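In: fold the following for me, if possible:
(one chain, ligands or ions: 1)
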Amino acid sequence: MFDKVLIANRGEIALRIHRACREMGIQTVAVHSTADSDAMHVRLADESVCIGPPPARDSYLNIPAILSAATIAGVDAIHPGYGFLSENARFAEAVEAHGFTFIGPTPQHIAMMGDKIVAKQTAKTLGLPLVPGSPGPVESVDEVVALGEEIGWPVLIKAVAGGGGRGMKVVEDADGAAEAFSLARAEAQAAFGNNSVYVEKYLARPRHIEIQVLSDGQGSSVHLGERDCSLQRRHQKVLEEAPSPALNREQRNMIGELAAASVRTLNYRGVGTLEFLYQDGEFYFIEMNTRLQVEHPITEAVTGIDLVREQIRVASGAPLGFTQKDIVFQGHAIECRINAENPETFAPCPGTVADYHPPGGLGVRVDSGLYTGYAIPPFYDSMVAKLIVSGRTRNECLMRLRRSLDEFVIGGIETTIPLHKRIIAQQAFIDGDYDIHWLEKLVGLKS
Ligand code: MV4
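Out: Modelled structure (predicted):
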């Protein structure tokens, strides 16, 4: 096992990784920008190294600075967290080339899933259900039109290098194809430096259901059930739950076994998430994330498995210590992402936290780097806390969540706590009756 790990991230996820390391007897090295000298992740770590000025591209995305910090501190491994360099195959390769272990999949698996067409082609060979669409990149408007006529309108144009919804364009009919095609290409070029696009049948009212997998790259793989992440605004998840109110045990086992078998066949090592759209009882694979995800705690809550500890274990070469039949799904969990934002306009509002009183009690977990007097820097993501609540039933979970949101005090800044109170008061949410468009209809299309 590793003696010392560098955590190449900030905020709540850096704390989360530190905690797993501490429990495993592993020393931690935090890295931080000059804007984060007073951050909680720096205070908790055994050592810290300043890696650059506030902009992420000069610090948390600065590969040479992070590798230098790892060399100076003499670490064995680097954990990338989520975002930043977590799905950068070149970073994973550079980490290994410098003699450190990358706590994540191989660069080859990261690159394979980073190309959405290669990911879909791979998924097809694995027997995963796909959205009908182009088998490869689409090079002309005529190809878009031909596909629309073949699979039926509307279709969706997506960026090959995409994810997160950027560069996506719905095409209603042949007349709209030319404009959508050139817009999608231009957006893909601007966002990813790659104008390659592909086409899928557009699903009008799906849910976003993702399967958590864990695999040791030595022949053992398990699935840890699903998360329903349909509540999003502008491709940012707002609230997630496990299990999905839309699935029964047979559906969960079917898609879960398929996902676990897929990563076993690929000889994948690490945690991963297979994303599906789910509509009218059918699953459609769309992409795979090769990192730990923000919403991983709800899976931990319903399985009792520490995903970060398992990530570290398999990266160190240890085989999985359990099999599928050892995994028992228990109860229900919901995560609310709390952002430093105006709850109506969603404008970021960084500032100093005047008062911080997180909720507690049975089934309540708060992952956050906030403390009273902390000045939230304006340079990074606005998510400042995650409230994760669990219960034996969805109803118990909801009662506890309502109480926890009422208890939560974050003074001095605006947060999205009032938005969460509003969401969970809606009858449709209480009934589990929502799809990927439900939240944007609730909050309107405000900037
Ligand atoms: C889709 C879709 C409808 N049909 N694909 C958005 C981000 C990317 N990960 C996949 N996305 C979508 N792909 C087909 N064929 C609708 C979306 C989508 C969406 C997906 C998940 C959660 C929220 C969403 C919001 C808008 C659109």
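In: list the contacts for the residue nearest in space to the middle of the chain?
Out: For the chain, the residue nearest the mean C-alpha position is Gln293 (3.4 Å; CA atoms, centre = their mean). Residues near Gln293 by CB atoms under 8 Å, 6 or more residues apart in numbering: Tyr82, Glu210, Gln212, Thr273. For every residue, glycine as well, the C-beta is placed using N, CA and C.
In: ok, now how distant is the second one from the ligand?
Out: Computed with CB to the nearest ligand atom, to the nearest Å, the distance linking Glu210 and the ligand is 9 Å.
In: send me whatever helix or strand that residue lives in as CSV with only the CA atoms.
Out: Element membership for Glu210 (DSSP states H and E) is strand 207-216. The C-alpha coordinates for strand 207-216 follow below in CSV (Å, rounded to 0.1, in the frame of the first residue of the first chain):
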residue,chain,number,x,y,z
ARG,A,207,-34.3,10.1,-17.1
HIS,A,208,-30.5,10.2,-16.5
ILE,A,209,-29.6,7.0,-14.8
GLU,A,210,-26.0,6.1,-14.2
ILE,A,211,-24.5,2.8,-12.9
GLN,A,212,-21.5,2.8,-10.5
VAL,A,213,-19.0,0.1,-11.2
LEU,A,214,-15.8,-0.9,-9.4
SER,A,215,-13.2,-3.1,-11.1
ASP,A,216,-9.7,-4.4,-10.1
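In: other SSEs contacting that strand?
Out: Secondary-structure packing of strand 207-216 (3 or more CB pairs under 8 Å, 6 or more residues apart in numbering; DSSP states H and E): strand 221-233, helix 249-265, strand 269-279, helix 307-315.
In: minimum distance to Ala8: which of the ones you listed has it?
Out: helix 307-315 (13.6 Å; CB to CB).
In: what distance separates that closest one from the centre of its chain?
Out: Remark: helix 307-315 is offset 17 Å from the chain centroid, using CA atoms, centre = their mean, to the nearest Å.
In: okay, whatever helix or strand comes next after it in PDB with CA atoms only?
Out: Using DSSP H and E, the helix or strand that follows helix 307-315 in sequence is strand 332-339. C-alpha atoms of strand 332-339 as PDB (Å, rounded to 0.1, in the frame of the first residue of the first chain):
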ATOM      1  CA  HIS A 332     -32.500   5.300   0.100                       C
ATOM      2  CA  ALA A 333     -30.100   8.300  -0.100                       C
ATOM      3  CA  ILE A 334     -30.400  11.800  -1.600                       C
ATOM      4  CA  GLU A 335     -27.600  14.300  -2.200                       C
ATOM      5  CA  CYS A 336     -28.300  18.100  -2.500                       C
ATOM      6  CA  ARG A 337     -25.500  20.100  -4.100                       C
ATOM      7  CA  ILE A 338     -25.300  23.400  -2.200                       C
ATOM      8  CA  ASN A 339     -23.800  26.200  -4.400                       C
END
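In: just to revisit the earlier point, could you list the paired strands of the strand holding Glu210 along with their orientation?
Out: strand 221-233 (antiparallel), strand 269-279 (antiparallel) (DSSP bridges).
In: mean confidence score for the shortest one?
Out: On average, the pLDDT along strand 269-279 is 98.
In: before we move on, what about stretch 125-138?
Out: For stretch 125-138, mean pLDDT rounds to 96.
In: what does it contact?
Out: Taking CB under 8 Å, 6+ apart as the rule, stretch 125-138 contacts 117, 120-121, 123-124, 143-144, 147, 151, 155, 157, 160, 181, 196-201, 203, 258-259, 261-262, 265-266, 274, 276-277, 282-286.
In: and the residue lying closest to Gln212 once chain neighbours are set aside, how many neighbours?
Out: The spatial neighbour of Gln212 that comes closest, neighbours along the chain excluded (CB to CB, 6 or more residues apart in numbering), is Leu224 at 4.1 Å. For Leu224, the neighbour count with other CB atoms under 10 Å is 26.
In: repeat that for the one 3 residues further on.
Out: Neighbour count for Arg227, taken as other CB under 10 Å: 27.
In: do you know the pLDDT at it?
Out: Each residue has a pLDDT score; the one for Arg227 is 99.
In: please verify my assumption that it contacts Leu239.
Out: No: contact between Arg227 and Leu239 fails when scored by CB atoms under 8 Å: they sit 10.8 Å apart.
In: could you look up the SS state of Tyr198?
Out: Secondary structure, DSSP: H, G, I helix; E, B strand; the rest coil: Tyr198 is strand.
In: before we move on, the earlier item: could you dump the strands paired with strand 207-216 into a markdown table and include distance to the ligand?
Out: Listed next are these as a markdown table, based on distance: least, CB to the nearest ligand atom, whole Å:
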| stretch | distance to the ligand |
| --- | --- |
| strand 221-233 | 4 |
| strand 269-279 | 6 |
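In: now render the ones you listed as TSV, adding distance to Val443.
Out: As requested, the strands paired with strand 207-216 are arranged in TSV below (distance: least, CB to CB, whole Å):
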stretch	distance to Val443
strand 221-233	6
strand 269-279	22
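In: and Thr393, which of those strands is closest to it?
Out: strand 221-233 (15.8 Å).
In: ok, the next helix or strand after that closest one: who's next to it in the sheet?
Out: Proceeding N to C from strand 221-233, the next assigned helix or strand is strand 236-242, under DSSP H and E. Strands adjacent to strand 236-242 in the sheet, as given by DSSP bridges, are strand 221-233 (antiparallel), strand 332-339 (antiparallel).
In: residues from the stretch 151-300 of the chain in reach of the ligand?
Out: 156, 163, 165, 200-203, 208, 232, 235, 277, 286-287 (CB under 6 Å from any ligand atom).
In: those, buried ones only, as a ChimeraX selection?
Out: In ChimeraX, a selection of the buried entries from those looks like this (16 or more other CB atoms under 10 Å):
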select :156,163,200,201,202,203,208,232,277,286,287
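In: low pLDDT regions in the protein?
Out: Applying pLDDT under 70 to the chain flags residues 445-447.
In: let's see that with 50 instead.
Out: The chain contains residues with pLDDT under 50 at 447.
In: hmm, what's the outermost residue in it?
Out: Most peripheral residue of the chain (CA atoms, centre = their mean): Asp175, 35.9 Å.
In: and the strands paired with strand 236-242: which comes nearest Ile51?
Out: If you check each of the strands paired with strand 236-242 against Ile51 by CB to CB, strand 332-339 wins as the nearest, at 25.0 Å.
In: any idea which helix or strand comes after the closest one?
Out: Proceeding N to C from strand 332-339, the next assigned helix or strand is strand 355-357, under DSSP H and E.
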